[in-house]
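Undergrad: I would like to see how this sequence folds:
(chains A and B)
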2 protein chains.
Amino acid sequence: MLDSNDHEFPLQSKNLPFSFYVQFQSLDYDNIENQLFLEEERRMSYLGFRCLEISRWVVCGWIGFLTGLIACFIDIAVEELAGFKYQVVKENIEKFTEVGGLSISLLLWAVLNAAIVMVGAIIVAYFEPIAAGSGIPQIKCYLNGIKIPRVVRLKTLVVKVCGVICSVVGGLAVGKEGPMIHSGAVVAAGVSQGRSTSLKKDFKIFEYFRRDTEKRDFVSAGAAAGVSAAFGAPVGGVLFSLEEGASFWNQMLTWRIFFASMISTFTLNFFLSIYHKNTGDLSSPGLINFGRFEGDSVAYNLYEIPLFILMGAIGGLLGALFNILNYWLTIFRIRYVHRPCLQVMEAMLVAAVTATVSFTMIYFSNDCQPLGPEHAEEYPLQLFCADGEYNSMATAFFNTPERSVRSLFHNQAGTYNPLTLGLFTLTYFFLACWTYGLAVSAGVFIPSLLIGAAWGRLFGILLAYITPNSWADPGKYALIGAAAQLGGIVRMTLSLTVIMVEATGNVTYGFPIMLVLMTAKIVGDYIVEGLYDIHIKLQSVPFLHWEAPATSHWLTAREVMSSPVTCLNRIEKVGTIVDTLSNTSTKHNGFPVVVQVLGNEEPAKLCGLILRSQLIVLLKHKVFVELARSRLTHRKLQLKDFRDAYPRFPPIQSIHVSQDERECMMDLTEFMNPTPYTVPQETSLPRVFKLFRALGLRHLVVVDDENRVVGLVTRKDLARYHLGKHGLEELQLAQT
Amino acid sequence: MLDSNDHEFPLQSKNLPFSFYVQFQSLDYDNIENQLFLEEERRMSYLGFRCLEISRWVVCGWIGFLTGLIACFIDIAVEELAGFKYQVVKENIEKFTEVGGLSISLLLWAVLNAAIVMVGAIIVAYFEPIAAGSGIPQIKCYLNGIKIPRVVRLKTLVVKVCGVICSVVGGLAVGKEGPMIHSGAVVAAGVSQGRSTSLKKDFKIFEYFRRDTEKRDFVSAGAAAGVSAAFGAPVGGVLFSLEEGASFWNQMLTWRIFFASMISTFTLNFFLSIYHKNTGDLSSPGLINFGRFEGDSVAYNLYEIPLFILMGAIGGLLGALFNILNYWLTIFRIRYVHRPCLQVMEAMLVAAVTATVSFTMIYFSNDCQPLGPEHAEEYPLQLFCADGEYNSMATAFFNTPERSVRSLFHNQAGTYNPLTLGLFTLTYFFLACWTYGLAVSAGVFIPSLLIGAAWGRLFGILLAYITPNSWADPGKYALIGAAAQLGGIVRMTLSLTVIMVEATGNVTYGFPIMLVLMTAKIVGDYIVEGLYDIHIKLQSVPFLHWEAPATSHWLTAREVMSSPVTCLNRIEKVGTIVDTLSNTSTKHNGFPVVVQVLGNEEPAKLCGLILRSQLIVLLKHKVFVELARSRLTHRKLQLKDFRDAYPRFPPIQSIHVSQDERECMMDLTEFMNPTPYTVPQETSLPRVFKLFRALGLRHLVVVDDENRVVGLVTRKDLARYHLGKHGLEELQLAQT
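TA: As a prediction, this is how the structure comes out:
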């Protein structure tokens, strides 16, 4: 195999500019366990563990609370700013409807949108490009064990929040829900560490949690809290985290994640209830409010089930089309629109086009509907309709997407003209597809739901035309259509079902929604992968799926592993260590530690595993055998020194080692993991995979039957294999 | 450590008659992977794996469908029979109320109940004692990796179903929901194997699934389908399975489990809709029907949250009391009531006492309430009340427990007299506590809910007395009380929250129910374990929790493992193998296979692991090196031979090996697992535990740094350690 240990460079699968590939870092959920750690654990009393457990709950409570607050802030900001914008534009349109010259209104609308979106695009493109998009692919990667740099930093959070407000207010075909998941994760990563490196503030608390395993658990909780706040779906949040992240399910952890989710929904509800002036009424749902489906309209019948399945298939097809178009667009963007200024300009263009298209659609639509009392809170446009009537195209276009979805779900039968809905679906589909992947912070959930709700309602209306009695409640079909479309695009399964059920506040639809999502996934997967998976794949990170490819039993560890492996001796010369770490051509991250049998030419026996980060801390503190002897007062290196350096370990270049020091020796015994997991060379790939995935490993040492190191399996060695249409395929590795 | 390998005898922790301890069998999710298996996998094409995947879905569909049918059958049978019984007793009571001599009615009622319960108790006590109780502890054990004999047999299912009908109709303080989980699991274990050993019918399908790993996955799905049918809670079912069973979360598996759950609810709904004569209306919930909480009554306010938490604490305390009393009672039963005839008599006694107590309570109650139209379907007793009125104590006692719960949740404020509720709570608490653990098939969910609903409603009524305005809807407090009491008894967390939410059909209460369950668990765990855990512990099975005890880092594999280990050579004499297997004092189940270096006294090197069951199949088919040479036409042993023998491998005594054959040799190379997972001796207990639990191992070989076998860790070695009040404690092992 290739001499590619665990260096942090991407897999290269397409002929794309290299600058595009993200630099990632694998996370390690295992190898931190060295003697120092074990000593600390052994010193800790039962009470100590109790305190630790309590602080985990406290952290989760804070994660939930802060995530809820952020969701609340975004919601209120969007509500106020969008309200203001629509009010201004509406007044302007009304003025010019009478006197003529509506093109000035269009101009105002387009310029307003473009200006707002420009702000959002500038902060994203220039300050923190990682904040672009919904952040869900990045969080999926994080939970899978791949950290993309800067993904959980405070700056990312700030840009994300401001960015999403600008995108939604700017009238793009986006939702504010997806970014909540990313926001929750950032909050979790921050709170759980008890310090902010960006703000240079260390609260000296939660130091125990400064390692990958613990941090990952909290980030799961944060992501769940984000989902929970976004959709008012605490259970859906937990399931999302588990579906995307958990490799080893732990009851207490799940319960804590659920706690964080619940606190998050609760906080959001509480503050929104104050904002909506019915303080203390906690029964309102999350950020997105589909409205409750209640009463007779919710019932469905056996003969409707084939219709639902048909809709699922349509959703799968449309979703696959969306994904393919977006894939091409993304490739185009990577090749030609990678300069920040171009990205900002593209975002502004999309904003202006969105406004123009919306305006045109509204202008040429002559679908007038009587104005009812239920429109009090919205922005009904009268335009050329008679007094007391409003333009029904405008309810779909001249509104935040959340409100449009709600109208499609709940407005009475007859509110929408089929032609209006058809045109709307068509234009919105392309607008949403163009928008996803722009350098703005925004989610794809709501646009997908909106597209689906529109064609679903159309489907319902057509059904009602065809069949005599009007059993087909269009709102119900709008819901099913929305589920089908969203499922066809993102291909989530269990968690999405639960999110939809919780967001509609009704468990009756559980079964049809499940059927629809399943059909959409089967149909869609036949054509192309899910949107998030496409974007993850384009970034060429070594994402590990749940199981090894089914037909990979003929591969063994020997064929999969990287070899030869750079090993270190238990007592090693400092010079050798520095040279090994400085070797830019390999950039290994983990090194098996071996003991050489004296006077023997054979490969040495494995006795431990040490990480690059640990070696760097050792070098920084000059933990050399000679120095320990000469300086009696030399402070012993503690676990705290490793924790203080986590997670931003300095590069090897920043550590100065003099020529004399290079001749010193370093004793790694205390700092290496003395019992790394190993496998024999004959182990089949599925067994290696299972061990690797279940325990969240970063390095797995392959040994022969004398316990001598023969190779090392890293995440990338496993992620290479992939089940294609022609059986097992091997991805090309970047020859960096 | 003790010389106790992986023999299948219980841990003995109390001075109890030995006959009580269950004989268990550990399940193995890993070691089946030998060369034969790998060859089959390698031969299988991509299409083959696809077909396998599809058949998994088909099996899950069948599991859901059959489980739903069984639930439907139980429901209708109980409805019809209980309706008939109550009608008879009611008419009788009404007759004698006028003419005097109510004691005859009492006698009729008591005798009727005792007779019905006798039938249920006889079939359980004499035919299949494993069908007693709810079966949830047994299923928890199964999912954890411990198979209690006969737990998933067809006979168990039949006895369980008939038994639960008798118990509920017999008027015991039990529910029909718990046993559904067990029933679902049996269905799953049967369907997935494509044959019935009891009926001696092999359909020759699903042969691939005849091993522990696959079977366990299907049993998870069955348990989930059972929960789903019982409570109309498909998501709750999935979470229950995961909370209790999953060690390694797999997205596709979870999705299949969800599918089975959904099909189960759907089937139940569909057939019940036919029974209730509104065919095709699929929006009704599961077996238990709490009724929907809708409208204004569902809202709760911030200041109610401390009240909810207080109720959670009360629930925790009452639950702990329940568990302690039941623990003492169970110890008493194990010592003195272990003969089947005594068990039947006790069950009849409980049935008669239940009827007597109910009658007395109704008789002396003078709480008359006006009869409304909502009582049309129930059995209101007029007794000494005026015409047009009914006895309110009777709605609680003279009814199936499910209906009583619903009345407590939904009847209007003022329906119940506080004194009535208080007395009811008190008597029902002791009745339910006495009933759980009888030799009848029955669940504890509904009685717990009923107790909780009664004192919760009382709590609500008292609140309404104290505070001026009547904001305290008693139905709401009944729900919270029910959750608190159930949580205090069973201590389930996430899954129970979701089950409650789904069963009430309303997500609004998610947050308070979570708080209440959490409080109940914390308070209860402080005093005593949950009811299921108590019963699991009493059976002394080596149940593995999620993580190693927190303070166990100072223990290493060396201290935990069993040694010396009985090893076999790769090419071993048949006599040695027979003797090893026949050794009744050890009864090992897994044997490391080693290769001896010629002329070397050192321990031999590990080269594989073979199971007792595999050796038995080899002996049965006489797979000896000499025979293979002499008979050219000798059929090669195939994977099918192992699968046909699964899971009821014959005992070694049934296999006859002649004196000549004892001198033959057996080559284990092809049949052993060539790459068993190993750990070095210095590995800390938490690491050993994590590996063992995450991969579902049955044997973990401990090796030294030359890859020589030094010990073997089995489930029992890990389950011994237990975190008590005085730090880490070690349970005593049975010296069998």
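Undergrad: element containing residue A:256, please.
TA: Using DSSP states H and E, residue A:256 sits within helix A:251-275.
Undergrad: for that helix, packing partners?
TA: helix A:46-99, helix A:212-231, helix A:234-244, helix B:234-244, helix B:494-504, helix B:510-527 (3 or more C-beta pairs under 8 Å, 6 or more residues apart in numbering or on different chains; DSSP states H and E). Placement of C-beta: from N, CA and C, glycine included.
Undergrad: would you mark the buried spots in the helix or strand following that helix?
TA: Per DSSP H and E, the first helix or strand lying C-terminal to helix A:251-275 is helix A:305-336. Neighbour-count burial for helix A:305-336 flags A:305, A:307-309, A:311-323, A:326-327, A:329-330, A:333-334 (criterion: 16 or more other C-beta atoms under 10 Å in any protein chain shown).
Undergrad: same deal with stretch A:703-718?
TA: Neighbour-count burial for stretch A:703-718 [16+ other C-beta under 10 Å]: A:703-704, A:707-718.
Undergrad: for stretch A:122-132, same thing?
TA: Neighbour counts using 16+ other C-beta under 10 Å place A:122, A:123, A:124, A:125, A:128, A:129, A:130, A:131, A:132 of stretch A:122-132 among the buried residues.
Undergrad: count the neighbours of the residue nearest to residue A:690 when sequence neighbours are not counted for me.
TA: Spatial nearest neighbour of residue A:690, excluding adjacent residues (C-beta to C-beta, 6 or more residues apart in numbering or on different chains): residue B:695 at 6.6 Å. By the criterion of other C-beta atoms under 10 Å in any protein chain shown, residue B:695 has 19 neighbours.
Undergrad: return the per-residue confidence for residue B:695.
TA: With respect to pLDDT, residue B:695 scores 84.
Undergrad: and for residue A:318?
TA: According to the prediction, residue A:318 has pLDDT 96.
Undergrad: could you do residue A:337 as well?
TA: 85.
Undergrad: contacting residues around it?
TA: Residue A:337 makes contacts with A:343, A:346, as judged by C-beta atoms under 8 Å, 6 or more residues apart in numbering or on different chains.
Undergrad: repeat the analysis, applying 10 Å as the threshold.
TA: Listed by C-beta atoms under 10 Å, 6 or more residues apart in numbering or on different chains, the contact set of residue A:337 reads A:329, A:330, A:343, A:345, A:346, A:437, A:438, A:439.
Undergrad: so which helix or strand takes in the fifth one?
TA: Assignment of secondary structure by DSSP H and E places residue A:346 within helix A:340-364.
Undergrad: tell me the angle that helix makes with helix A:305-336.
TA: Orientation check (axes from the mean of the first three to the mean of the last three C-alpha atoms, to 10 degrees): helix A:340-364 against helix A:305-336 gives 140 degrees.
Undergrad: tell me the first helix or strand C-terminal of helix A:340-364.
TA: strand A:368-370.
Undergrad: enumerate the positions of that following strand that are buried.
TA: A:368, A:369.
Undergrad: which strands or helices does it pack on?
TA: Judged by 3 or more C-beta pairs under 10 Å, 6 or more residues apart in numbering or on different chains; DSSP states H and E, strand A:368-370 is in contact with strand A:389-391, helix A:392-397.
Undergrad: can you pull out the residues in contact with that strand?
TA: Contacts to strand A:368-370, defined as C-beta under 10 Å, 6+ apart, come from residues A:375, A:380, A:382-386, A:388-393, A:395, A:411, A:414-417, A:420.
Undergrad: may I have the strands that pair with that strand, each with its orientation?
TA: Strands that pair with strand A:368-370, judged by DSSP bridges, come out as strand A:389-391 (antiparallel).
Undergrad: off-centre distance for the strand it pairs with?
TA: 40 Å (C-alpha atoms, centre = their mean, to the nearest Å).
Undergrad: distance of the closest residue to residue A:169 other than its chain neighbours from chain B?
TA: Excluding its sequence neighbours, the residue lying closest to residue A:169 (C-beta to C-beta, 6+ apart) is residue A:81, at 4.4 Å. Separation of residue A:81 from chain B (C-beta to the nearest C-beta, to the nearest Å): 29 Å.
Undergrad: how many neighbours does residue A:81 have?
TA: For residue A:81, using other C-beta under 10 Å, the count is 16.
Undergrad: what of residue A:354?
TA: Neighbours around residue A:354, by other C-beta under 10 Å: 27.
Undergrad: about what we covered before: so which bits of the helix holding residue A:346 are buried?
TA: A:340, A:343-348, A:350-355, A:357-359, A:361-363.
Undergrad: deepest of the helices and strands packed on strand A:368-370, which one?
TA: Per residue and on average, the most neighbours among those fall to helix A:392-397, with a mean of 26 (mean count of other C-beta atoms under 10 Å in any protein chain shown).
Undergrad: which bits of the stretch 1-150 of chain A sit near chain B?
TA: Within the stretch 1-150 of chain A, the positions near chain B by C-beta under 10 Å from any C-beta of the partner chain are A:30, A:33, A:37-50, A:52-53, A:57.
Undergrad: where along the stretch 551-700 of chain A do the helices fall?
TA: Taking DSSP state H, counting those that start in this stretch, the helices of the stretch 551-700 of chain A run over residues A:557-560, A:574-582, A:612-620, A:625-630, A:639-645, A:659-662, A:685-695.
Undergrad: pick out the shakiest of those helices, pLDDT-wise.
TA: Looking at the helices of the stretch 551-700 of chain A, the bottom one is helix A:625-630 with a mean of 72.
Undergrad: re the thing from before, so what does the helix holding residue A:346 touch, helix or strand wise?
TA: helix A:46-99, helix A:102-122, helix A:154-169, helix A:305-336, strand A:389-391, helix A:392-397, helix A:418-435.
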